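# the sequence and its predicted three-dimensional model are supplied below.
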Protein chains: 2
Amino acid sequence: MNKLQSMRRYQIGPVYRRDQPAMTRGRYREFYQCDFDIAGESEPMLADSECVLILTEVLSGLGFSNYTVRVNHRLLLDGIFQCCGVSEALFRPICSAVDKLDKCSWDEVAKEMSDKGLADEPIERIRQLVLTPRGSADLVDQLRENPALKGNAMVTQALDDMSRLFRYLGLLGCPDQVRFDLSLARGLDYYTGLIYEAVLEPTPDCNVTVGSVAGGGRYDKLVGMFTKKDIPCVGLSIGVERLFTILEQMHKAKEQKIRTTATQVYVCSAQKNLLEERLRLCGQLWRAGLPAAHSLRSNPKLLTQFQYCEDTGVPIALIIGESELRDNKVKLRCIASRKERLVDRDSCVDEVRAELASLAAAQQKTEQ
Amino acid sequence: MNKLQSMRRYQIGPVYRRDQPAMTRGRYREFYQCDFDIAGESEPMLADSECVLILTEVLSGLGFSNYTVRVNHRLLLDGIFQCCGVSEALFRPICSAVDKLDKCSWDEVAKEMSDKGLADEPIERIRQLVLTPRGSADLVDQLRENPALKGNAMVTQALDDMSRLFRYLGLLGCPDQVRFDLSLARGLDYYTGLIYEAVLEPTPDCNVTVGSVAGGGRYDKLVGMFTKKDIPCVGLSIGVERLFTILEQMHKAKEQKIRTTATQVYVCSAQKNLLEERLRLCGQLWRAGLPAAHSLRSNPKLLTQFQYCEDTGVPIALIIGESELRDNKVKLRCIASRKERLVDRDSCVDEVRAELASLAAAQQKTEQ
């Protein structure tokens, strides 16, 4: 083992899960996931708040606005179970029953608790505490005053954490889409503190019920299980394949295309025998770091080249023809507006940059 | 199979090779590789030149200057073998013997050819043609005039390709580190046209003999072997683990650190009890898209925070203290120069951006 005591990293790649996934619903044992984790000592809830913020940033960044991040705390659930008279040995099995509340009715969950050996009275007490309450910082205060929970050490510590979480999220300017939800339990046993899950709500663009698309929490004991040395950790996993499938549906509903290239400038030739001039211009753009491309044909038609830009969403075309070459100019065409203007060959990199910036600014204005 | 006829993509990830790698030299069956490929119809050598250019861009971009890209053409080798009297059935076995010229002496390679059934005379003729010639466009002309090769159709086509390659590379502004080398053969059987390989030369910073770090070529028949429909392809693979190991050695030799974070601004507190103010400032920077970080401790010492920046190469610190808070200011510190100045809280994002731009410009000036 290395001596690393702290780390913060993301990774995107294939992961494996040893279970029986619902393959008919497109879930497999191997799938792509994006993970972000912070390992190492942190003041209470600092790293945790950052993870929740990052979760909202990722979803907003991908263009989703219709999401809720549900948050809860494992110690709070354990404290509630304790207050309801559940024995410690049943904490995890009962927690796993609560985890099914987003898919099953209360009666089904209650039956599972009963099958796991819990008496009717504690089940009813759990129902009263867990089933309905949703809120944010207000729910923390409400629970603090709940006589059924008062004085329980786990509950007190968890509520202190939740109170810090909402204060920190406010300071960080986190979007107000975080909901404290006592019925959130998360399936995995290794969580030890804050847990969270992002849920997409159906919208006119995407009315399929998609449910959970990301989740995570604090797992302070997992590293120690393998290394004999506890390293506190908190992290999140994002189901990228699921999100991309939904994004595709949303774009389809809006009749928008998803761009599959990063090309910003397409170098076009207006007449035949200009392949070598295209190469020269591409080289100039590439050296300047601009994502440029051109046709791999020697004499493509100008309209075919414009069509390529429209089909693939390339915003700018730079056109060379014999007259442009003679005058040391190049024609800059904005594909969307079809407006063209002649620019000096020597300053064409700057002109493209300026055009891209003004297109981006216009785009941002439309979205607001 | 999908209906994709053309594609250009890169990927970085684990790949597998079913062979017996030299594990003692750190080579394994699974390793990380960066691949770039262009599939689909292209005018002769257009996509090929782009691949060679990209190879030089990747190596230069990673900070290497001491590399050579060796290029050759499979048809040229086949044509040479044909002119030397090698039967077609022996083209690939003899090619695989030539491939060992970078590791073995000519005598060893000649012995392998002889073991594979080639007579002494063709072996000697191959030696005369393949062993020494290295050059660029000049070598193409020289080979065109070689009486031993004249009139061979494969040689003629290959030399036309090589001539185009050097012309296109010149137009693209490719660095002059591409060498036509007739002894380059590449191990894999599936190449059908241009082949290339990047070799790092020992330097004062890195005097280990590292040899090949990347390679590739045209493989027009490989896709068809699996799909019954040929799709012309050209691509390259970069041994990222190998390159990173060498980069580490180079940095070590220069006593430079390799940065392991992308953080550009570190938010520091000058006194105690300013954790919440740090969060507020981090939120502001993050919303602006700046890679910012801060300590996960509630009351870190100011010197410890500066030390962190120095150790990890974060260029700018933003410091909040009680007086800054009162005046709605923040102190901007350039870590390298230790120069500090007060900036308005509301414009601190712009100030950080300007400082980063001026640091980058200064850096670029030093490197030139």
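Alright, I've got the coordinates.
# residues from chain A in reach of chain B?
Counting by C-beta under 8 Å from any C-beta of the partner chain, the residues of chain A lying close to chain B are A:13, A:38, A:40-43, A:46-47, A:49, A:53, A:57, A:167-168, A:171-174, A:275-276, A:279-280, A:282-284, A:286-287, A:296-298. To be clear about C-beta, it is placed using only N, CA and C from the backbone, and glycine gets the same treatment.
# report the beta-bridge partners for residue A:319.
On the basis of DSSP bridges, residue A:319 is bridged to residue A:268, residue A:331.
# that one: how many residues sit nearby?
22 (other C-beta atoms under 10 Å in any protein chain shown).
# and after the helix-or-strand element of chain A with minimal mean pLDDT, which helix or strand comes next?
Ranking every helix and strand in chain A by mean pLDDT, DSSP states H and E puts strand A:134-135 at the bottom, with a mean of 82. Scanning forward in sequence from strand A:134-135, with DSSP states H and E defining helices and strands, the next element found is helix A:137-144.
# what helices and strands are in contact with that following helix?
Secondary-structure packing of helix A:137-144 (3 or more C-beta pairs under 8 Å, 6 or more residues apart in numbering or on different chains; DSSP states H and E): helix A:153-172, strand A:178-181.
# now do the contacts for residue A:330.
Contact criterion C-beta atoms under 8 Å, 6 or more residues apart in numbering or on different chains gives A:281, A:318, A:319, A:320, A:324, A:342, A:343, A:345, A:348 as the residues in contact with residue A:330.
# C-alpha coordinates for the host helix or strand of the first one, PDB please?
When secondary structure is defined using DSSP H and E, the element that contains residue A:281 is helix A:275-287. Presented in PDB, the C-alpha positions along helix A:275-287 are these (Å, rounded to 0.1, in the frame of the first residue of the first chain):
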ATOM      1  CA  LEU A 275      -6.200  21.100 -51.300                       C
ATOM      2  CA  GLU A 276      -2.700  22.300 -50.500                       C
ATOM      3  CA  GLU A 277      -4.000  25.700 -49.600                       C
ATOM      4  CA  ARG A 278      -6.500  24.100 -47.200                       C
ATOM      5  CA  LEU A 279      -3.700  22.200 -45.600                       C
ATOM      6  CA  ARG A 280      -1.600  25.400 -45.100                       C
ATOM      7  CA  LEU A 281      -4.600  27.100 -43.500                       C
ATOM      8  CA  CYS A 282      -5.400  24.100 -41.300                       C
ATOM      9  CA  GLY A 283      -1.800  24.000 -40.100                       C
ATOM     10  CA  GLN A 284      -2.100  27.700 -39.200                       C
ATOM     11  CA  LEU A 285      -5.300  27.200 -37.200                       C
ATOM     12  CA  TRP A 286      -4.000  24.000 -35.500                       C
ATOM     13  CA  ARG A 287      -0.800  25.700 -34.400                       C
END
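# one step back: buried ones only from the residues of chain A next to chain B, please, as a PyMOL command.
The following PyMOL selection, which keeps only the buried ones among the residues of chain A next to chain B, applies the criterion 16 or more other C-beta atoms under 10 Å in any protein chain shown:
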select buried, chain A and resi 38+42+43+46+47+49+53+167+168+171+172+174+275+279+280+282+283+284+286+296+298
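# stretch A:85-104: which residues count as buried?
A:86, A:90, A:91, A:93, A:94, A:95, A:96, A:97, A:98, A:99, A:101.
# and stretch A:119-128, by the same measure?
By neighbour count with 16+ other C-beta under 10 Å, stretch A:119-128 contains the buried residues A:122, A:123, A:125, A:126.
# returning to that earlier point: please name whichever of the helices and strands packed on helix A:137-144 is nearest to residue A:22.
Relative to residue A:22, the nearest member of the helices and strands packed on helix A:137-144 by C-beta to C-beta is strand A:178-181, separated by 24.1 Å.
# tell me which other helices or strands the closest one touches.
Taking 3+ C-beta pairs under 8 Å, 6+ apart as contact, the helices and strands that strand A:178-181 lies on are strand A:67-73, strand A:134-135, helix A:137-144, helix A:153-172.
# pick the most buried one from the ones you listed.
Compared across those, strand A:67-73 shows the largest average neighbour count, a mean of 22 (mean count of other C-beta atoms under 10 Å in any protein chain shown).
# tell me the average confidence for the helix or strand following it?
Using DSSP H and E, the helix or strand that follows strand A:67-73 in sequence is helix A:74-83. Model confidence over helix A:74-83, given as mean pLDDT, is 94.
# and helix A:74-83 with helix A:153-172, angle?
Regarding helix A:74-83 and helix A:153-172, their directions subtend 150 degrees when assessed with axes from the mean of the first three to the mean of the last three C-alpha atoms, to 10 degrees.
# helices or strands up against helix A:74-83?
The elements that helix A:74-83 packs onto, with contact taken as 3+ C-beta pairs under 8 Å, 6+ apart, are helix A:91-98, helix A:120-130, helix A:153-172.
# ok, back up a step: what pairs with the least confident helix or strand of chain A, parallel or antiparallel?
When pairs are called by DSSP bridges, strand A:134-135 turns out to pair with strand A:178-181 (antiparallel).
# starting at the chain centroid, how far to the partner strand?
In terms of C-alpha atoms, centre = their mean, to the nearest Å, the centre of strand A:178-181 is set 17 Å apart from its chain centre.
# could you dump the helices and strands packed on helix A:137-144 into TSV with mean pLDDT added?
Below are those laid out as TSV (pLDDT from 0 to 100):
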stretch	mean pLDDT
helix A:153-172	97
strand A:178-181	94
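# which of these sits closest to residue A:70?
Comparing those by their distance to residue A:70 (C-beta to C-beta), the top pick is strand A:178-181, with 4.3 Å.
# quick one: the helix or strand just after the closest one to chain centroid distance?
The C-terminal neighbour of strand A:178-181 among helices and strands, as given by DSSP H and E, is strand A:194-200. Distance, stretch centre to chain centre, for strand A:194-200: 11 Å (C-alpha atoms, centre = their mean).
# what angle sits between strand A:194-200 and helix A:91-98?
Direction vectors for strand A:194-200 and helix A:91-98, defined by the same axes, to 10 degrees, enclose an angle of 10 degrees.
# just the residues contacting strand A:194-200, thanks.
Contacting residues not belonging to strand A:194-200 are listed as A:45, A:48, A:51-52, A:55, A:59, A:64, A:66-74, A:102, A:161-162, A:165, A:178, A:184-186, A:206, A:210-218, A:234, A:236, A:246 [C-beta under 8 Å, 6+ apart].
# and stretch A:49-62, by the same measure?
For stretch A:49-62, the surrounding residues in contact (C-beta under 8 Å, 6+ apart) are A:34, A:36, A:38, A:67, A:69, A:71, A:164-165, A:168-169, A:172, A:174-175, A:177-178, A:194, A:196, A:198, A:213-214, A:216, A:234-236, A:238, A:243, A:247, B:279, B:283, B:286.
# buried residues in it?
Neighbour count says stretch A:49-62 has A:49, A:50, A:51, A:52, A:53, A:54, A:55, A:56, A:58, A:59 buried, by 16+ other C-beta under 10 Å.
# return the residues in contact with the residue nearest to residue A:321 when sequence neighbours are not counted.
Take residue A:321 and drop its neighbours on the chain: the residue closest to it by C-beta to C-beta, 6 or more residues apart in numbering or on different chains is residue A:270, 3.3 Å away. By C-beta under 8 Å, 6+ apart, the contact list for residue A:270 reads A:302, A:319, A:320, A:321, A:322, A:324, A:331.
# sorry, back to before: got the helices and strands packed on helix A:137-144 as JSON lines, with distance to residue B:80 columns?
Putting these into JSON lines (distance: least, C-beta to C-beta, whole Å) gives the following:
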{"stretch": "helix A:153-172", "distance to residue B:80": "67"}
{"stretch": "strand A:178-181", "distance to residue B:80": "69"}
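# and the angle for whatever helix or strand residue A:249 lives in with strand A:194-200?
Assigned by DSSP H and E, residue A:249 belongs to helix A:240-253. An angle of 30 degrees separates the directions of helix A:240-253 and strand A:194-200 when computed by the same axes, to 10 degrees.
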